[in-house]
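>>> Model the structure of this input:
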Amino acid sequence: MSLPDGTIILFGAGLTPAHDLGDWVQSITVDRGRNRELDPPRAGTCEFVLRNDTGFWNPGNTGASLAPISGVGTASPPATLLVPGKIVVARAGPGNMWIFVGRIRSVDYDYRLGGEAMVRVLAEDGLAALARRRFSGFTHPEQSSGQTVRDVLTWADWATEISAVQSAWGTFDPAVGTSTATVVAADVADLDGRNVLDYLADLEASEQGRIFVANTGMFVAFGRYSEPIWTGAAGTGPAIEFTDTTTTGGYVGVKYRAIRGSGGGDVLYTQVVGQSPSTGTVLSVTSAGAATYGTVDLRVSGLLNHSDAQTLGVLTLLSDTYGSPAWRVDGVEVKPYAAVSGANLNDLLELDLHQTVRVKFTPVAGSAVSAEYRVQRITHRITPGDHVMTVGVSVKTVNPSDFFVLGSSALGGPKILGY
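Next up, the predicted model:
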């Protein structure tokens, strides 16, 4: 991806490029993804703190200049670098792996008498721009959810954002893809004044796929039965297993520093309820777990599916995924530079949302737990002497092979109705 002149490049621990912000950077904190797997999409953030005891970053300082990285962009004075809208790229590892791309949102200055002066800069990825926009004059026909996402991005002129649109369903690096849900038509009167990101969240819920901005700044949309891809070089590299023991079976073993698990009660819903937008019918699916665990409602709002049958398909998928509790891993914490090295370190730092990892946990008592999970959140906390990476994970939901897709010949085994 080409970068415009004046792009700010941040490098994590362990790198000493010719020209970057390393002489000033005190910390970099990247946070991307969701706190809970049922949360709507949210913008990723990158906060970096700069030392300013020399006054270099003071507002109005146009005397000095800085080329953010050798060979990229033109020399710019500080007063034109730290401004809202300026593109920020954060990279880490020996391969300079991308971990965040976004634009500056705010710049705060902190001056202390007899102490250090600091500048705190907050950048947000492209979803933040969509969250601050409301529709005006936009309409779409009854069509696939994937095409509707494309139409929304075209209306929002996403191409003028950080990178090209990546909105194919079912592939990480898309050339082709398939969306599964059909959504009702919407006219100007329905949409005028609606928040753009909220509407994309409704499309995501109706599709039961995933929408996010990748670590390269590209918009990504996955379909309902697109299998989350394995980690490593956008699915082409070796699969990562976060582990506390020796790894076998061809995985790249990444030894974690801490692990967080739960008994599944926070995502236990024995009754899923939603309303069909086409007929107004309130539909519900009750799982077998209700007899044991009681009725715990999940109310799904904002569905856009064009028929009762498709709405029921969404509710059934959620019921099958969250209808009974199970012990599961929620997240792992690693120190990348201590856990792996070389190409494996690059694969770890390149890890992105919606990819698949394995996690192995060997308790003092009881059997080892080893399972596949989908990445739902990634955070990096980087200082000149340290780098801690936390990976939040969720259940992979139903395997695509468990779907019976209308119009297909996939009839073998137990099937959930897909579209």
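
>>> And the helices in the protein?
78-81, 127-131, 145-155, 188-191, 196-207, 290-293, 308-322, 336-339, 342-349 (DSSP state H).

>>> out of the ones you listed, nearest to Ile259?
In this view, these are compared for proximity to Ile259 by CB to CB, and helix 336-339 is the closest at 13.0 Å. All C-beta atoms are positioned from the backbone trio N, CA, C, and that covers glycine.

>>> Count the neighbours of the nearest residue to Tyr373 once chain neighbours are set aside for me.
On the basis of CB to CB, 6 or more residues apart in numbering, the spatially nearest residue to Tyr373 that is not a chain neighbour turns out to be Val393, at 3.6 Å. Other residues near Val393 number 24, with proximity taken as other CB atoms under 10 Å.

>>> Run a quick check on Val393 versus Ala371, I expect a contact.
No - using CB atoms under 8 Å, Val393 makes no contact with Ala371, being 9.4 Å away.

>>> Need the overlap of contacts for those two.
Counting by CB atoms under 8 Å, 6 or more residues apart in numbering, the contacts common to Val393 and Ala371 are Val329, Val359.

>>> Of the helices of the chain, which is nearest Cys46?
Minimum separation from Cys46 across those (CB to CB) falls at helix 127-131, 11.2 Å.

>>> Show me what the closest one is packed up against.
If you count contacts as 3 or more CB pairs under 8 Å, 6 or more residues apart in numbering; DSSP states H and E, helix 127-131 packs onto strand 97-110, helix 196-207.

>>> Contact partners for Ala365?
Contacts for Ala365 (CB under 8 Å, 6+ apart) come out as none.

>>> Give me the below-cutoff pLDDT ranges for the stretch 51-200 of the chain.
With pLDDT under 70 as the threshold, the stretch 51-200 of the chain has low-confidence stretches at 67-74, 159-180.

>>> now the closest residue in space to Val282 that isn't next to it in sequence: how far from Asp187?
Leaving aside its chain neighbours, Val282 sits nearest to Gln275 (5.1 Å; criterion: CB to CB, 6+ apart). Counting by CB to CB, to the nearest Å, the separation of Gln275 from Asp187 is 20 Å.

>>> So for these two, which sits in the more crowded spot?
Neighbour tally, Gln275 and Asp187, criterion other CB under 10 Å: the higher count belongs to Gln275, 17 against 11.

>>> Check the gap between that one and Asn305 for me.
10 Å.

>>> list the residues that contact both of these two?
Thr311.

>>> what's near enough to touch the closest residue to Ser319 other than its chain neighbours?
Once its chain neighbours are removed from consideration, Ser319 has its nearest residue in Val285; the separation is 4.2 Å (CB to CB, 6+ apart). By CB under 8 Å, 6+ apart, Val285 lies in contact with Gln271, Val272, Leu312, Leu315, Thr316, Leu318, Ser319.

>>> 7 Å instead?
Neighbouring residues of Val285 by CB atoms under 7 Å, 6 or more residues apart in numbering: Val272, Leu315, Thr316, Ser319.

>>> Top of those residues by number of neighbours, please.
When neighbours are counted as other CB under 10 Å, the busiest of the contacts of Val285 turns out to be Val272, with 26 neighbours.

>>> Name whatever forms a beta bridge with that residue.
For Val272, the residues forming beta bridges with it (DSSP bridges) are Val285, Leu298.

>>> Return the residues in contact with it.
Taking CB under 7 Å, 6+ apart as the contact definition, Val272 lies against Ser284, Val285, Leu298, Val300, Leu315, Leu318, Ser319.

>>> For Ala205, see how far away the fifth one is.
Spelled out, it's Leu315. Counting by CB to CB, the gap from Leu315 to Ala205 is 11 Å.

>>> With the second one instead?
In this view, Val285 and Ala205 are 15 Å apart by CB to CB.
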